[in-house]
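1. Quick check, what structure comes out for this input:
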Amino acid sequence: MLELLVFACLLAVAHSLQGADVVLTCSFIEEGGGMMGGSLFTRTPATLVLRNLPMSSDLSPETITPYNPPDEPKADDLIFEVVVSSVEIPEAESLLHADCNEQEVVCELSRYVPRGTEPDALPAHFIGSIQIEGGGVGLTLVLQTTSNEKAESSTPPLMQSKLQLPLSQWGTLLTDAVFVVFSRSPSLAAPIGDDARLDCGYRQKDASPEQSVGLEWRWQHKGNGRRILDMRAQGVETDGGTEVQVEREGVSADSALLIRDGNASLTMKTLKVSDEGTYICTISSGAFQTQQIVQLHIIQPPRVFLLEKKVIFQDESPQKLSCHCERYYPLDVHVEWLSQPPSETETISLTEKASLSSHRQHNDGTFSLSSFLFVRPSEHPPGTTFTCRVSHFALQTPSDVTLTVETPEPGIKIGAEDHICEELKR
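-> Purely as a prediction, here's the structure:
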């Protein structure tokens with residue numbers, strides 16, 4: 001997988017309410033010779049024009065500017081013009097809205113050799129990867145060059161200098177999208193114990209009903225990796241069965257949906273912390289094989305509670321407040337202490353006066369942490385409210401727990417705290 005990513009500029013244009021052109025500024029990536037026998041990736045500026053993508057009828061033409069090819073075609077320009085009517089591109093409209101939503105688009109192009117063909121065979125093939133940062137569809141497209149039927153035979157075509165392939169009269173390399181692997185949700189978060197569906201699918205031009213389809217799901221995380229599922233599904237008009245190998249209990253894919261609808265999604269039951277990682281969906285059909293990546297983040301919100309049930313100052317001795325955050329994931333958690341004096345509307349931060357325990361990791365991979373704060377009666381009169389506020393990735397809003405300083409009853413001596421919190425017994 002290429003590690004060199006180029007952020008794309010997105011310009012959306014349309015000819016009608018039914019279709020729009022999406023123009024992406026990309027990089028064409030090649031593997032070149034490096035020093036000492038190594039290899040380098042080189043990149044050349046390129047443009048990808050997705051022609052006439054289907055859009056919803058509420059698309060406003062007033063906000064769209066038509067795409068105009070270069071006034072003078074140049075042999076050095078790399079402009080891939082793609083006809084996408086042959087295969088469906090799910091969630092294509094998200095490409096149109098990415099710029100308006102201030103989302104970056106990553107676009108890469110490189111050469112591609114289908115199985116059973118030679119590197120220099122015609123028609124030529126290319127692969128394009130399109131990823132919307134911060135959410136949105138992920139696409140991997142196999143492009144196949146097509147001829148310009150409208151060009152006059154007496155006019156020699158302009159040849160692209162790097163690829164040595166004929167360009168159209170307006171200076172673009174005409175291609176057709178013949179194979180698409182996609183994920184509508186290339187990144188998702190799910191809590192421990194829940195089930196998850198990792199979305200992946202494909203579309204292929206002129207696929208044969210008898211054609212078998214291969215599906216592999218692999219997991220990678222922190223240098224480790226293994227195959228999760230391997231499936232070979234036979235075409236609808238064949239007598240062969242489906243071969244499936246599963247190496248993680250509770251995972252499955254539907255072979256009937258894979259053949260009928262191009263649905264290669266993976267279902268995972270009862271998620272654990274160890275399921276977190278990068279999942280690679282690889283689909284093989286006919287001469288084509290490509291993949292899409294889905295990131296699975298495991299989350300678990302902390303259970304937040306105060307050990308002390310009440311705060312009553314009987315004398316001038318300080319008291320200890322204990323705020324516990326239990327069984328959360330991932331590791332990072334932020335604990336704040338706040339106080340609000342009686343008859344005041346503003347809170348005062350006490351976080352710098354607090355201390356933290358070390359993280360404790362449980363057998364299920366989750367973590368716990370405690371924060372402690374010593375408070376004095378001279379600084380916090382009755383009616384003062386203490387708040388322990390915990391922020392964590394799995395919490396949509398911070399979790400607050402509070403205590404209020406109570407006025408001691410005359411004649412009652414408060415002894416040492418003898419409450420033992422069962423929640424801390426592990």
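
2. all helices in the stretch 151-300 of the chain, in order from the N-terminus.
-> Here the stretch 151-300 of the chain has its helices, by DSSP state H, counting those that start in this stretch, at 255-261.

3. what's the nearest residue to L356 if we skip its chain neighbours?
-> Nearest residue to L356 in three dimensions, chain neighbours excluded: S371, at 5.3 Å (Cβ to Cβ, 6 or more residues apart in numbering). C-beta coordinates here come from the backbone N, C-alpha and C atoms, glycine included.

4. what's the neighbour count on the one you found?
-> Here the number of neighbours of S371 (other Cβ atoms under 10 Å) works out to 20.

5. before we move on, which element is P119 in?
-> Assigned by DSSP states H and E, P119 belongs to neither a helix nor a strand.

6. And for the one 10 residues further on?
-> When secondary structure is defined by DSSP H and E, S129 falls within strand 125-132.

7. What pairs with that strand, parallel or antiparallel?
-> Its sheet considered, strand 125-132 pairs with strand 105-112 (antiparallel), strand 138-145 (antiparallel) by DSSP bridges.

8. what's the spacing between R260 and Q211?
-> 13 Å (Cβ to Cβ, to the nearest Å).

9. Have a look at those two and say which one is more surrounded.
-> Q211 (16 against 11).

10. Let me know the secondary structure of H97.
-> Taken by DSSP: H, G, I helix; E, B strand; the rest coil, the conformation at H97 corresponds to helix.

11. Check the spacing between it and S183 real quick.
-> On the measure of Cβ to Cβ, H97 and S183 end up 18 Å apart.

12. Show me which of the two is the more surrounded one.
-> Neighbour tally, H97 and S183, criterion other Cβ under 10 Å: the higher count belongs to S183, 28 against 15.

13. Quick check: pLDDT value at that one.
-> Here, the pLDDT recorded for S183 equals 96.

14. From what I see, it and G138 are in contact.
-> Yes - with contacts counted by Cβ atoms under 8 Å, S183 reaches G138, the gap being 4.7 Å.

15. Now the common contact residues for the two.
-> By Cβ atoms under 8 Å, 6 or more residues apart in numbering, S183 and G138 have these common neighbours: 292-293.

16. Could you point out which residue ranges in the stretch 1-150 of the chain have low pLDDT?
-> Scanning the stretch 1-150 of the chain for pLDDT under 70 picks out the ranges 1-19, 33-39, 55-66, 99-100, 148-150.

17. All the strands of it, residue numbers only.
-> 7-8, 10-14, 19-33, 39-54, 79-83, 105-112, 125-132, 138-145 (DSSP state E, counting those that start in this stretch).

18. The stretch 301-426 of the chain now?
-> With strands called from DSSP E, counting those that start in this stretch, the stretch 301-426 of the chain shows them at 303-306, 311-312, 319-328, 333-340, 348-349, 355-356, 360-361, 367-375, 385-392, 399-406.

19. With distance to Q144 and mean pLDDT added, can I get those in a markdown table?
-> Shown next, in a markdown table, are the strands of the stretch 301-426 of the chain (distance: least, Cβ to Cβ, whole Å; pLDDT from 0 to 100):
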| stretch | distance to Q144 | mean pLDDT |
| --- | --- | --- |
| strand 303-306 | 55 | 97 |
| strand 311-312 | 73 | 90 |
| strand 319-328 | 49 | 96 |
| strand 333-340 | 51 | 96 |
| strand 348-349 | 62 | 96 |
| strand 355-356 | 59 | 96 |
| strand 360-361 | 51 | 96 |
| strand 367-375 | 50 | 97 |
| strand 385-392 | 48 | 97 |
| strand 399-406 | 54 | 95 |
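
20. Pipe those into JSON lines and attach distance to F28 per row.
-> Shown next, in JSON lines, are these (distance: least, Cβ to Cβ, whole Å):
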{"stretch": "strand 303-306", "distance to F28": "51"}
{"stretch": "strand 311-312", "distance to F28": "66"}
{"stretch": "strand 319-328", "distance to F28": "44"}
{"stretch": "strand 333-340", "distance to F28": "43"}
{"stretch": "strand 348-349", "distance to F28": "53"}
{"stretch": "strand 355-356", "distance to F28": "50"}
{"stretch": "strand 360-361", "distance to F28": "46"}
{"stretch": "strand 367-375", "distance to F28": "45"}
{"stretch": "strand 385-392", "distance to F28": "42"}
{"stretch": "strand 399-406", "distance to F28": "49"}
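
21. Which of these sits closest to T172?
-> For T172, the closest of those is strand 385-392, at 49.7 Å, according to Cβ to Cβ.

22. returning to that earlier point: for the strand holding S129, C-alpha coordinates in CSV please.
-> Provided in CSV are the C-alpha atoms of strand 125-132 (Å, rounded to 0.1, in the frame of the first residue of the first chain):
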residue,chain,number,x,y,z
HIS,A,125,-5.2,-0.1,-16.9
PHE,A,126,-4.7,2.2,-13.9
ILE,A,127,-5.9,2.2,-10.4
GLY,A,128,-7.2,5.2,-8.5
SER,A,129,-7.7,5.6,-4.7
ILE,A,130,-10.0,8.2,-3.4
GLN,A,131,-10.5,8.8,0.3
ILE,A,132,-12.4,11.6,2.1
